[in-house]
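Asker: Pasting the sequence and the predicted coordinates here, then a few questions.
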Amino acid sequence: MTDAARRPVAVYTDVEDTDPAPGIALLEAHGFEVRVLGTRDPAAIIAGAQDADALLPGYAAISREVIAALPRLKVIALMSMGFDYVDVEAATEHGVWVTNVPGAATEEVATHALALLLASARQLTFYTASATSERWNERAPEAPPRVSERTLGIVGLGKIGREFARLAGPLFGRVLGYDPMLPDTPEVTADLQRLGIERASLDDVRRASDALSLHVPLTPETARMVDAAFLADMPAGAILVNVSRGGLIDNEALVDALDSGRLSSAALDVLDEEPPPPGHPLVGRDDVVLTPHIAYFSRFTEVEYVRVQAQNAVSAVVAGVPEAPVNRV
């Protein structure tokens with residue numbers, strides 16, 4: 001069969017907690033042959049996607065070895081905002097687009113971050129457990145602070161960070177923000193002023209923030225950025241919120257900060273290992289509010305993520321340029 005007569009092939013790797021049906025329908029409507037492998041195993045992906053024009057991972061890591069072994073590959077279409085589990089440099093070298101789903105869950109993730117923060121600030125882990133006839137009058141060791149008297153810090157002022165500021169900012173006395181990638185233009189300055197965000201250095205943000213929320217991607221530069229030195233600079237009794245990537249935080253340093261009382265609590269939707277292995281040091285603690293990487297999830301996003309992922313594959317293969325690239329080829 002000539003290339004002109006050949007149907008493009010789209011291969012889903014793993015679809016453990018999503019329904020790919022809307023994406024499959026969209027791909028088939030544009031002439032694709034669609035295959036679902038149902039695996040994260042690199043060898044199985046290589047074997048099952050030899051003729052793939054588009055690879056659509058769920059949580060499967062796509063390494064340099066996988067990319068190099070797929071000769072027809074044109075696009076790796078992700079179903080997430082983050083892309084740290086793909087070797088983007090290798091993809092670029094091989095002329096393969098990598099795409100994500102920017103903005104699809106901005107409202108959901110910002111709202112979830114606020115929910116986690118308030119649950120932590122109001123000590124809900126303790127008080128939901130003590131709402132029994134036997135423990136009804138029990139109080140936590142320390143009373144919670146008044147939120148309006150506290151400073152909120154935001155590291156990362158992209159769409160989600162700014163939406164989080166819009167939602168959470170009015171509850172706090174002061175909001176500080178840091179983002180070295182955000183341009184210093186009159187338009188940006190006006191937007192930050194509208195949101196009540198004072199732009200500051202990372203050092204100033206972490207030293208002043210009674211609650212600090214992370215909204216940055218995981219890159220070599222941000223990996224374990226929240227380490228022992230970072231946490232030591234935060235105010236005593238502060239709260240750390242992370243709905244981005246677990247790899248931003250040095251787990252051992254966070255555990256030490258919680259044990260010592262440097263932090264009063266952590267509010268997390270992500271961990272460095274997911275699902276966490278038995279005995280993970282941040283699971284099951286009274287001073288950690290933890291949800292299972294679910295901040296993005298809603299009735300809207302469970303369909304929209306699948307649709308955008310498939311549309312990126314269609315655009316890259318059929319039109320030659322995807323709608324949401326994270327690299328240039």
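Answerer: Great, that's in hand. Numbering: from 1, shown residues only.

Asker: alpha carbons only for contacts and neighbour counts from here, please
Answerer: Noted.

Asker: Identify each buried residue in stretch 296-313, please.
Answerer: Residues of stretch 296-313 classed as buried by neighbour count (16 or more other Cα atoms under 10 Å): 296, 301-313.

Asker: ah, wrong one, I meant stretch 109-123
Answerer: Across stretch 109-123, burial judged by 16+ other Cα under 10 Å covers 109-114, 116-117, 119-123.

Asker: do stretch 244-263 as well
Answerer: Applying 16+ other Cα under 10 Å to stretch 244-263 flags 244-251, 253-255, 257-258, 262-263 as buried.

Asker: Any idea how far apart the tips of it sit?
Answerer: Its first and final residues considered, stretch 244-263 spans 19 Å by Cα to Cα, to the nearest Å.

Asker: repeat for stretch 132-149
Answerer: Chord length of stretch 132-149, first to last residue, is 31 Å (Cα to Cα).

Asker: Likewise for stretch 83-102?
Answerer: Using Cα to Cα, the end-to-end distance of stretch 83-102 comes to 11 Å.

Asker: swap in stretch 14-33?
Answerer: Using Cα to Cα, the two ends of stretch 14-33 sit 17 Å apart.

Asker: ok, residues contacting it?
Answerer: By Cα atoms under 8 Å, 6 or more residues apart in numbering, the list of residues contacting stretch 14-33 from outside reads 7-10, 34, 36-40, 57-60, 302-303, 306-307, 309-311, 314.

Asker: buried set for that stretch?
Answerer: Under 16+ other Cα under 10 Å, the buried positions of stretch 14-33 are D14, V15, P20, G23, I24, L26, L27, E28, F32, E33.

Asker: now do stretch 123-137
Answerer: Neighbour-count burial for stretch 123-137 flags Q123, L124, T125, F126, Y127, S130 (criterion: 16+ other Cα under 10 Å).

Asker: Return the mean pLDDT over that stretch, rounded to an integer.
Answerer: For stretch 123-137, mean pLDDT is 95.

Asker: Can you get me the centre-to-centre distance for that stretch and its chain?
Answerer: Offset of stretch 123-137 from its chain centre (Cα atoms, centre = their mean, to the nearest Å): 31 Å.

Asker: what helix or strand does the closest residue to A140 other than its chain neighbours sit in?
Answerer: Distance criterion Cα to Cα, 6 or more residues apart in numbering; nearest residue to A140, sequence neighbours excluded, is F126 at 6.8 Å. Element membership for F126, per DSSP states H and E: helix 124-129.

Asker: packing partners for whichever helix or strand comes after that helix?
Answerer: Using DSSP H and E, the helix or strand that follows helix 124-129 towards the C-terminus is strand 151-155. Helices and strands touching strand 151-155, by 3 or more Cα pairs under 8 Å, 6 or more residues apart in numbering; DSSP states H and E, are helix 159-168, strand 174-178, helix 202-208, strand 211-214.

Asker: if you set the cut-off to 6 Å instead, what comes out?
Answerer: For strand 151-155, the contact count by 3 or more Cα pairs under 6 Å, 6 or more residues apart in numbering; DSSP states H and E identifies strand 174-178, strand 211-214 as packing neighbours.

Asker: Okay, A52 and A25: tell me how far apart.
Answerer: The value you get for A52 to A25, if Cα to Cα is used, is 17 Å.

Asker: Filter the buried residues of stretch 109-123 down to just the ones in strands.
Answerer: Within the buried residues of stretch 109-123, no residue falls in strands by DSSP state E.

Asker: from these, which single one is nearest L171?
Answerer: L114 (10.3 Å; Cα to Cα).

Asker: Name the residues that touch the helix or strand bottoming out on mean pLDDT in the chain?
Answerer: Sorted by mean pLDDT, DSSP states H and E, the helices and strands of the chain end with helix 124-129, the least confident at a mean of 94. The contact list for helix 124-129 (Cα atoms under 6 Å, 6 or more residues apart in numbering) is empty.

Asker: could I get that helix in CSV with only the CA atoms?
Answerer: In CSV, the C-alpha atoms belonging to helix 124-129 read as follows (Å, rounded to 0.1, in the frame of the first residue of the first chain):
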residue,chain,number,x,y,z
LEU,A,124,-10.3,19.6,58.6
THR,A,125,-8.4,16.4,58.8
PHE,A,126,-8.4,16.6,62.5
TYR,A,127,-11.9,17.9,63.0
THR,A,128,-13.7,15.5,60.6
ALA,A,129,-12.0,12.7,62.5
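
Asker: what comes into contact with stretch 272-284?
Answerer: Outside stretch 272-284, the residues within contact range by Cα under 6 Å, 6+ apart are G246, G247.
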